[in-house]
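# need a structure here:
(chains A, B and C)
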Amino acid sequence: MEESKFIDKDKKYEKKGKSQLKGVWTRLKKDKLALIGLVILIILILMAIFANFIAPYEYDTQNLKNTFQSPSLKHLFGTDEFGRDIFSRIVYGSRISLQVGVIAVGIAVVIGGFLGAVAGYYSGKIDNVIMRIMDVLLSIPQMLLAISIVAALGNSLINLMVAVGVSSIPQYARIVRASVISIKNQEFVESARAIGSSDLRIIFKHVIPNCLAPVIVQATLGIGLAILTAAGLSFIGLGIKPPTPEWGAMLSGSRTYIRDYTYMTLFPGIAIVITIFAFNVLGDGLRDALDPKLKQ
Amino acid sequence: MENLLEIKNLSIEYVTDDGINKAVNNLNLKIREGETLGFVGETGAGKTTTALGIMRLVPNPPGKIVGGEIYFEGKDLLKKEEKNLREIRGNKISMIFQDPMTSLNPIITVGKQVEEVIKLHEELSKDELRNKAEKMLDTVGIRKERFDDYPHQFSGGMKQRVVIAMALACNPKLIIADEPTTALDVTIQAQVLELMKELKIKFNTSMLLITHDLGVVAETCDYVSIMYAGSSLEYGDVEKIYNNPLHPYTIGLFNSIPSLDEDKEKLDVIPGTPPDPSNLPTGCRFHPRCSHCMEICQKSLPKSIEVENGHFVSCFLYDKKMKEGK
Amino acid sequence: MIKYILRRLIMLIPVLLGVTFIVFTLMYITPGDPVRLILGESAPEEAVQELREEMGLNKPFIVQYVNYMKKLILHQDLGSSYVTRRPVMQEIISAFPSTLKLAASSVLFAIILGIPIGIISAVKKYSIFDNLSMAFALIGISMPVFWLGLLLILLFSVHLKILPSSGYDSFKQMILPAVSLGAQSVAIIARMTRSSMLEVIGQDYIRTARAKGQKEKIVIFNHAFKNALIPISTSIGLQFGGLLGGAVLTESIFSIPGIGRLMVDSIKMRDFPVVQGSVLIISITFCIVNLLVDLYYAYIDPRVKTQYK
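Numbering: from 1, shown residues only, chains lettered A, B, ... in the order given. Have a look, this model is predicted:
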């Protein structure tokens, strides 16, 4: 008899969870700017997935007779110093940027989140040690830490992802830890423990769902930040091997020709701005939608 | 002027994403000099909005005063300019808010915060200013050694005393106290209420005491106005209302108070819930919950009728009866 | 107060030790043989081994680290550059001021522009100013520092020819670098100020101040802004870290011989002592700035102050 009461309560929480999701979506819908960001992102994702079909040329096809062509119908964004089609390179570049952003943030969320959850849940010495290490990581500006890691691991796309990801770990550790601490002390966790739920069950059923909101917001904004950091690293020549069409690397290559062939500097930059803008605006919208108190 | 404060047909709305919130609807109210009026109603009835409206502090956006007049000392506050209103706030009309924990600026000393209101309305030298502020704090029971302490160093009850000191510093004619003791422990509640009663007599101030606690009203008020969905349903002096409540809502309120003498198994509740201000019922706002609801209640708004001397009620029950009587 | 400062300084030590350890480890595992880089690919094997012994590169990791720390703590010696053979400390001291100047002017630019914009946007919520400034702010936080730098050079140096595109001495020369580095911070600070102000303005004590009859300007500045400043100043402190990181890119574009550029060049040349020293100095600077912000925080928020009376 007692058991069924609790099973029903679980179902009620599930239903509550689904209607909460709906509520979030309704609130998000109202934020027009966030919707624009979402649309841009969807376009970007499609561009990345179907790059092969959208790009008229390969990103590394050189045509030394066709260098430095201004934008035209044949080459929408013009060609670069090797005669490569810039539009195609930008399209393929979206694949790289999104990969880097998502994987880097993925690394940071999983490792940082795990560390933060452990630190917050168990407190005491473990908490101290973990957070001290996070403090050390946080006292090195993220860009410099990423530079050092890429230098240590060598130039490659994966190492770029790892570098940006690892340098972002402390942020997520902090967020998750703070969430876990605030939830740990709430009464429903005590009652779950009182009816005999194991630690693991409590973590997965109660603690983690409540940490999700701030992590989702930070992750969305974080993907944008990761792409920016990666572009910065590529710009100074770390992380990417040519001819990878990473947008930051393309900007670096365009520096020499900035006077004469301005269009080479414009398009990769615009691509970056639009992408980051979309993530930022969506992140903002999610933050407002997930915490309705802020709206008032 | 006979009435210190007279509110006529005041209406205040809030514009929200989900619709227009009609917080105050054709409210009528009056307070004489030296009198304490209790303003009773459930949460969401529009009491705080009315208080803010008198002070012209309704946040705009999203709030707007859409009609009516508020006469203070004979002049309509709604027609005054901001400069003149500032001279009145803290000076002729003061307000004590509900939550003392958040009513004080956390980074300014309590002494300075009391000084601030005095400085705004009186020309005093630095020393005189400090003396007066210290005296006010002393009046509410706070030693002058604590002048330079910060709000977080005081308990809730003490914080509320500071707020009271600020409210009374310039000897206002009217104090609006919005649930001043609701956020406090019961024993502290009693202390603060006693203090307010004393000061009221000492300074001969009128008071508009907003509360949902009928016990507090009985203790401290001369007159009562029962508020529901933004209008006053019943008004009269405390004795008459408590001995002879007329409006079904008022009767319901009195009945839902558990009594130590009676042996009841369940509390008497007024069925239903207070209406959504963005979607008010037609006719009498209380009709969906009223056991005496008649057809006319659903269609028209009852007018205020003087049933006995000084005892007004807005309910068709008494309108018909009078008609029948005639 | 003094106790608080001392305590914070002491807490810095393990953090900085950690920083040296992490950077040392990273440099240790970085591929590339510095000895080969110094002597050249074709140098004879004995010379290479001899130099490697001399530089202590054959010793185990821990020993190398301890030796490094010993030199650092006891003699304030960061070692010598593998490339120029000059003391690292010297290289850093000549490069550091430029970076500091750049970061400081950027953060000043960001504060002077960002905070007033944020305050006005908050007070005039939803007005045209608010919408426009927040729109610009959104673009500002989405723009890469290095791209903005390139665009500014394009506009002001190449086309308009009114501002120089390199150098760091005169005020004129600092304008473009400071603006391109600081622009993102302007945006962040403006947004942060706006949201902080909005949150504070919604507080009860602001209502109390108005109910006393206080003038709106004083309510906004003395009551609201002073409280809003608390989270804003913390944000500014964190921004500084981002600026130190972004300085690397800005120095590269505007040919400013600062630590950022020194660090990147040194990485490419596997000049590890210089890299270690650079990161250490920047981290120390960042920690000190954050300490200063915390002290300021304790100064303006009496709730923190009274803990240390």
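
# List the contacts of residue 84.
I went with chain A, as the question did not name one. The contact partners of A:Arg84, taken as Cβ atoms under 8 Å, 6 or more residues apart in numbering or on different chains, are A:57, A:59-63, A:243. (Glycine included, C-beta is placed from N, CA and C.)

# Correction: the question concerned chain C.
Here C:Thr84 is in contact with C:Glu91 (Cβ under 8 Å, 6+ apart).

# Can you tell me the SS state at it?
Secondary structure assignment for C:Thr84 (DSSP: H, G, I helix; E, B strand; the rest coil): coil.

# Secondary structure of C:Ile153: a strand, I assume?
No: assigned with three-state DSSP, C:Ile153 falls outside any strand and is helix.

# Which pLDDT value does the model give it?
Listed pLDDT for C:Ile153 reads 89.

# can you check the one 5 residues further on too?
According to the predicted model, the pLDDT of C:Val158 comes to 81.

# ditto for C:Val248
91.

# circling back to that earlier point, turn the contacts of A:Arg84 into CSV, including secondary structure and distance to chain B.
Output for those, formatted as CSV (DSSP: H, G, I helix; E, B strand; the rest coil; distance: Cβ to the nearest Cβ, whole Å):
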residue, secondary structure, distance to chain B
A:Tyr57, coil, 49
A:Tyr59, coil, 46
A:Asp60, coil, 51
A:Thr61, coil, 53
A:Gln62, coil, 56
A:Asn63, coil, 56
A:Pro243, coil, 51
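
# Please report which of these has the highest neighbour count.
Using other Cβ atoms under 10 Å in any protein chain shown as the neighbour test, the contacts of A:Arg84 are led by A:Tyr59, with 21 neighbours.

# Just the closest of the contacts of A:Arg84 to A:Ala178, please.
Within those, proximity to A:Ala178 (Cβ to Cβ) peaks at A:Tyr59, which comes in at 42.3 Å.

# Phi, psi for the closest one please.
phi -80, psi -10 (degrees, to the nearest 10).

# cool, A:Val100 as well?
phi -60, psi -50.

# For chain C, what's the nearest residue on the stretch 51-200 of chain A?
A:Met143 (2.9 Å; Cβ to the nearest Cβ).

# Which residue comes closest to that residue once chain neighbours are left out?
C:Gly245 (2.9 Å; Cβ to Cβ, 6 or more residues apart in numbering or on different chains).

# give me every residue that touches that neighbour.
C:Gly245 neighbours (Cβ under 8 Å, 6+ apart): A:141-144.

# does it sit in a helix, a strand or a coil?
Recorded secondary structure, C:Gly245: helix (three-state DSSP).

# Give me the pLDDT value at it.
91.

# how close does it get to B:Gly272?
C:Gly245 is 61 Å from B:Gly272, where distance means Cβ to Cβ, to the nearest Å.

# Now the residue most central in space within chain C. Nearest residue, chain neighbours left out?
By Cα atoms, centre = their mean, chain C has its centre lying nearest to C:Leu244, at 2.6 Å. Nearest non-adjacent residue to C:Leu244, counting by Cβ to Cβ, 6+ apart: A:Pro141, 4.6 Å away.

# I figured the one you found hits C:Ile284, correct?
No: applying Cβ atoms under 8 Å as the test, A:Pro141 and C:Ile284 come out as separate, 11.8 Å apart.

# Which one of these two is surrounded by more residues?
The neighbour comparison of A:Pro141 against C:Ile284 (other Cβ under 10 Å) goes to A:Pro141, with 26 against 15.

# Contact partners for residue 255?
Went with chain A since none was named. Counting by Cβ under 8 Å, 6+ apart, A:Arg255 has contacts A:265, C:150, C:253.

# my bad, the chain I had in mind was chain B
Contacts of B:Asn255 (Cβ under 8 Å, 6+ apart): B:Asp268.

# measure it to B:Pro271 for me?
Taken as Cβ to Cβ, the span from B:Asn255 to B:Pro271 is 12 Å.

# before we move on, what about B:Gly236?
Following Cβ to Cβ, the distance that separates B:Gly236 from B:Pro271 is 25 Å.

# more crowded one of these two?
B:Gly236 (24 against 9).

# tell me the SS of the more buried one?
strand.

# How about it, nearest residue that isn't a chain neighbour?
B:His311 (3.5 Å).

# Does that neighbour touch B:Asn244 like I think?
Yes: B:His311 is in contact with B:Asn244 according to Cβ under 8 Å; the separation is 7.4 Å.

# So those two - more neighbours on which side?
B:His311 (18 against 13).

# quick one: contacts for that one?
B:234-237, B:240-241, B:244, B:246.

# Quick check: of those residues, which lies closest to chain C?
B:Tyr235 (25.8 Å).

# I'd like the distance between the closest one and B:Ile257.
20 Å.

# neighbour-wise, which of those two wins?
Remark: of B:Tyr235 and B:Ile257, B:Tyr235 carries more neighbours, 24 against 11, as counted by other Cβ under 10 Å.

# bridging residues for the more buried one?
Taking DSSP bridges as the rule, B:Tyr235 bridges to B:Ser225, B:Phe312.

# Taking the stretch 201-326 of chain B, what residue is nearest to chain A?
For the stretch 201-326 of chain B, Cβ to the nearest Cβ, closest residue to chain A: B:Ser278, 14.7 Å.

# For A:Ser123, the count of nearby residues, please.
Around A:Ser123 there are 14 residues (other Cβ under 10 Å).

# list the contacts for the residue in the stretch 1-150 of chain A that chain B sits nearest to?
Distances between the stretch 1-150 of chain A and chain B by Cβ to the nearest Cβ are smallest at A:Lys30, namely 7.3 Å. Listed by Cβ under 8 Å, 6+ apart, the contact partners of A:Lys30 are B:Asp17.

# who in the stretch 1-150 of chain A is up against chain B?
A:Lys30 (Cβ under 8 Å from any Cβ of the partner chain).

# Please enumerate the helices of the stretch 1-150 of chain A.
A:2-30, A:32-49, A:51-54, A:86-107, A:113-122, A:124-138, A:142-153 (DSSP state H, counting those that start in this stretch).

# Quickly compare those helices and say which is most buried.
helix A:142-153 (a mean of 25; mean count of other Cβ atoms under 10 Å in any protein chain shown).

# That one vs helix A:124-138, what angle?
Angle between the axes of helix A:142-153 and helix A:124-138 is 90 degrees (criterion: axes from the mean of the first three to the mean of the last three Cα atoms, to 10 degrees).

# Contacts for helix A:142-153 next, please.
Outside helix A:142-153, the residues touching it (Cβ under 8 Å, 6+ apart) are A:137, A:140, A:159-160, A:162-164, A:166-168, A:229, A:232-233, A:236, A:238-239, C:23, C:26-27, C:29-30, C:241-242, C:244-246, C:248-249, C:263-264, C:267, C:275, C:279, C:282.

# mind running it again at 7 Å?
With contact meaning Cβ atoms under 7 Å, 6 or more residues apart in numbering or on different chains, helix A:142-153 is reached by A:137, A:159-160, A:162-164, A:166-168, A:229, A:232-233, A:238-239, C:23, C:26, C:29-30, C:245-246, C:248, C:264, C:267, C:279, C:282.
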